[in-house]
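**Q** what's the 3D shape of this:
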Amino acid sequence: MNLTTTLVCLPFAGAGASFFRKWAPLAPEGLTLLPVQLPGREERFSETPFTEVGAAMDEACPWVCERLDDDARVALFGHSLGAELAHELTRRLVARGVRVTRLFVSGAHAPRDRSVERISALDDAGFVAGLRRVAGFSHPAMNDPELLEIMLPLLRADSRMHEEYRSRHPDRLNVPVTSLRGRDDTLISAAEAVRWAGETSAGFDYAEIDGSHMYLTDHTASLLAAIATALQPADSGSPVR
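**A** Purely as a prediction, here's the structure:
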């Protein structure tokens, strides 16, 4: 990559900024990572987690803007719940005049007419069982009763954010979108991933990477390489593959 790009990273349910901080050694030259830490996790554990995507990004937007240079070249990445957060944050950044080069959404339903399993209001046993079905991975808290008790409020809040999210923006996003998916993902189909094409008027691309729903944990280098390639200046939003 010839130009430096700041990649703003939004967490999936239950995750914190440290997940992305571990990516720094693998990032290609010219790609700087800016993980967003939401309330209720890691160093912000004592703060009440958000249960609504828009409210969460209303808070995050000024924090991100303070950390961007005036002429910054910016892209956003989010996986699952993080894709929904990244979509809303992109809209807020654009409204503030930030030059957003591309939005990367990963392992996520498109933000309109969504059908997702609702588990956040179930009792603890039902919620944990539901989380195992819909998360695509086993959060460490699920196997540790004491940790699970501590983490349940955050996991429920994140699940509610995901369940309640619907985009009601009348206009399409004037930012190119790349939708990414694990090739063996059984939670998000290729057809669902491609529906993100309807959210942008500025170019759309779709790519698959080896792995299942949580491919980004085992194939981080491949993911970052795909992101770097899509951010090449010559790329103007290629057609759906």
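
**Q** and the most centrally placed residue in the chain, what is it in contact with?
**A** Centrality entry for the chain: nearest residue to the mean C-alpha point is residue 78, 1.6 Å, by Cα atoms, centre = their mean. Residue 78 sits next to 9, 10, 11, 12, 84, 85, 86, 87, 104, 105, 106, 108 when contact means Cβ atoms under 8 Å, 6 or more residues apart in numbering. For the C-beta atoms, the positions are set from N, CA and C on the backbone; glycine is no exception.

**Q** check contacts around the fourth one.
**A** What that stands for is residue 12. Taking Cβ under 8 Å, 6+ apart, one finds 78, 79, 80, 81, 82, 107 in contact with residue 12.

**Q** report the beta-bridge partners for the second one.
**A** This points to residue 79. Listed by DSSP bridges, the beta-bridge partners for residue 79 are residue 106.

**Q** neighbours of it, how many?
**A** 29 (other Cβ atoms under 10 Å).

**Q** the residue nearest to residue 32 when sequence neighbours are not counted and residue 213, how far apart?
**A** Nearest non-adjacent residue to residue 32, counting by Cβ to Cβ, 6 or more residues apart in numbering: residue 6, 5.0 Å away. To residue 213, residue 6 is 26 Å away according to Cβ to Cβ, to the nearest Å.

**Q** then residue 167?
**A** 21 Å.

**Q** looking at the two, which is more packed in?
**A** residue 213 (22 against 18).

**Q** past the longest helix belonging to the chain, which element shows up next along the chain?
**A** Criterion DSSP state H: the longest helix present in the chain is helix 145-164. Going down the chain from helix 145-164, the next helix or strand is strand 177-182, by DSSP states H and E.

**Q** in the chain, which ranges drop under the pLDDT threshold?
**A** 1-2, 136-141, 234-241 (pLDDT under 70).

**Q** repeat that with 80
**A** 1-3, 113-117, 119-121, 127, 129, 131-144, 233-241 (pLDDT under 80).

**Q** would you state the strands of it in chain order?
**A** 5-10, 31-35, 74-79, 100-106, 177-182, 204-209 (DSSP state E).

**Q** roughly how far does residue 122 sit from residue 145?
**A** For residue 122, the distance to residue 145 - Cβ to Cβ - is 18 Å.

**Q** residue 210 now?
**A** 34 Å.

**Q** comparing those two, which residue is more hemmed in?
**A** residue 210 (12 against 8).

**Q** ok, that one - contacts?
**A** Counted by Cβ under 8 Å, 6+ apart, residue 210 has contacts 182, 183, 184, 219, 222.

**Q** tally of neighbours for the residue lying closest to residue 9 once chain neighbours are set aside?
**A** Of all residues not flanking residue 9 in the chain, residue 20 sits nearest, at 4.1 Å (Cβ to Cβ, 6+ apart). Using other Cβ under 10 Å as the criterion, residue 20 is surrounded by 24 other residues.

**Q** what's the answer for residue 123, then?
**A** With other Cβ under 10 Å as criterion, residue 123 counts 8.

**Q** try residue 104
**A** 26.

**Q** tell me the contacts of the closest residue to it other than its chain neighbours?
**A** Once flanking residues are discounted, residue 104 sits nearest to residue 77: 4.3 Å by Cβ to Cβ, 6+ apart. Counting by Cβ under 8 Å, 6+ apart, residue 77 touches 7, 8, 9, 10, 86, 104, 106, 227.
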